[in-house]
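[1] give me a model of this one.
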Amino acid sequence: MDEIYKRIGTLVPIGSPEKIREGFRRVHEFRMGCCQLMARPGMTTPEAAEAVLAASKEFDVYISAVWAGWSGPAEWNFYEGPLTLGLMPHEYREKRVEEVLDECRFARDIGVTDVITHVGFIPENPNDPEFESIVSTLRHICKTIGEFGQYFLFETGQETPTTLLRTIEEIGTGNLGVNLDTANLILYGRANPVDALDVIGKYVRNTHMKDGFYPVSGRSLGKEVPLGEGKVNVREFIKKLEGIGYKGCYCIEREISGEQQNLDIIAARELIAETLRGC
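    Down below sits the predicted model:
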């Protein structure tokens, strides 16, 4: 496989052993060399770990990170979102922290250091009591997994890059990073992903390569579109990220299903590969 394609991947959901193998086979057939695993509570069993390790070896696909999901409601908008998403809502926080830590243990069992999740709508104001509350929660997670050499990665989206930087600095455990979702920064109206690298670039350890448009209402997120067809300047983003020393995976995410998803992933692979060749 071309060395460039080894750095390009997509998402593999954790499910039954058969579905896990199918997910890795799909990555291999896409001529890509890496992936992120999408974990959900209750799915991170010893049998799943065994199936992941076998499929990763069979298809020679590197696992760059585990995305840690959580139970309960999730409304991806600007009104119900702050009440339901991530670790921010007190109503769900304790259970979700346990779920994320369990998925961190799963990642450790399969030899993966980086674990990603959406934390939620972190307060922009550092004097808000909720800011110190979530910092304390995240510090607990980071200290726990830091003992095993693991990193906690924020998926970008709900917070501005400056808020994300402030949160990382306040937690201060040294094992924090960013999974930079290029579209999310735009879909939430938070930032231009190219410029965001000026603020959080040194913390980027993983990516979601995705595209979209800014919100056109105050209630709903912007629209996701195939990579290269939205407001993300994909070529400039990759060139800038490579320029600051990034050596990680470019993980394609396309939030549709069916054959069109496959076609969009393949087109995104070629756009990324072409850009990397020019870096």
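[2] let me know how buried L271 is, in neighbour terms.
    Using other CB atoms under 10 Å, the number of residues around L271 comes to 21. Where C-beta positions appear, they are placed from N, C-alpha and C, glycine not excepted.
[3] revised request: answer the last question for C34.
    C34 has 22 nearby residues by other CB under 10 Å.
[4] check contacts around it.
    K6, R7, I8, G9, V27, V61, Y62, I63, S64, C249, C251 (CB atoms under 8 Å, 6 or more residues apart in numbering).
[5] and the helices in this protein, which stretches?
    3-6, 17-29, 46-59, 81-84, 90-109, 129-146, 161-171, 182-187, 193-200, 234-243, 259-277 (DSSP state H).
[6] quick check: which of those is buried the most?
    helix 182-187 (a mean of 27; mean count of other CB atoms under 10 Å).
[7] can you list contacts of that helix?
    Contacts of helix 182-187 (CB under 8 Å, 6+ apart): 155-157, 161, 190-193, 196, 207-215, 221-224, 230-232, 234, 237, 253.
[8] mind running it again at 6 Å?
    156-157, 191, 193, 196, 210-212, 214, 221-222, 224, 231-232, 237 (CB atoms under 6 Å, 6 or more residues apart in numbering).
[9] between the contacts of C34, which is closest to G201?
    Nearest to G201 among the contacts of C34: C249, at 16.1 Å, using CB to CB.
[10] out of the helices of the chain, which comes closest to W70?
    W70 lies closest, by CB to CB, to one member of the helices of the chain: helix 90-109, at 4.0 Å.
[11] widest-spaced pair of the contacts of helix 182-187?
    L221 and F237 (19.6 Å).
[12] one step back: can I get the helices of the chain in TSV with distance to I122 and mean pLDDT?
    Shown next, in TSV, are the helices of the chain (distance: least, CB to CB, whole Å; pLDDT from 0 to 100):
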stretch	distance to I122	mean pLDDT
helix 3-6	34	97
helix 17-29	31	98
helix 46-59	30	98
helix 81-84	10	98
helix 90-109	13	98
helix 129-146	6	98
helix 161-171	5	98
helix 182-187	14	98
helix 193-200	13	98
helix 234-243	23	98
helix 259-277	29	98
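[13] which one of those helices lies closest to A39?
    So among the helices of the chain, helix 90-109 is nearest, using CB to CB, at 4.4 Å.
[14] quick check: the gap between the residue lying farthest from the centre of the chain and V119.
    What lies farthest from the middle of the chain is N127; by CA atoms, centre = their mean that is 27.6 Å. Going from N127 to V119 by CB to CB, to the nearest Å gives 19 Å.
[15] same question, G230
    Taking CB to CB, one finds G230 at 24 Å from V119.
[16] for the nearest residue to R31 once chain neighbours are set aside, list the residues it contacts.
    Once flanking residues are discounted, R31 sits nearest to Y5: 5.5 Å by CB to CB, 6 or more residues apart in numbering. Taking CB under 6 Å, 6+ apart, we find Y5 in contact with R31, M32, G33.
[17] quick one: the second one and V12, what's the gap?
    Distance check for M32 against V12: by CB to CB, it reads 11 Å.
[18] first-to-last residue distance for stretch 197-206?
    For stretch 197-206, the first and last residues are 13 Å from each other (CA to CA, to the nearest Å).
[19] just stretch 182-202 next, same as before
    End to end - CA to CA - stretch 182-202 spans 15 Å.
[20] check stretch 25-40 too.
    20 Å.
[21] tell me the pLDDT at the nearest residue to R269 once chain neighbours are set aside?
    Distances taken as CB to CB, 6+ apart place I8 nearest to R269, at 5.4 Å, with adjacent residues excluded. The model reports I8 with a pLDDT of 98.
[22] distance of I8 from V112?
    I8 sits 18 Å away from V112, taking CB to CB as the criterion.
[23] so which of those two has more stuff around it?
    Legend: neighbour count by other CB under 10 Å for I8 and V112, higher for I8 (27 against 21).
[24] contacts only, for that one.
    M32, Y250, R269, I272.
[25] and I134, by the same measure?
    M88, I122 are the contacts of I134 under CB under 6 Å, 6+ apart.
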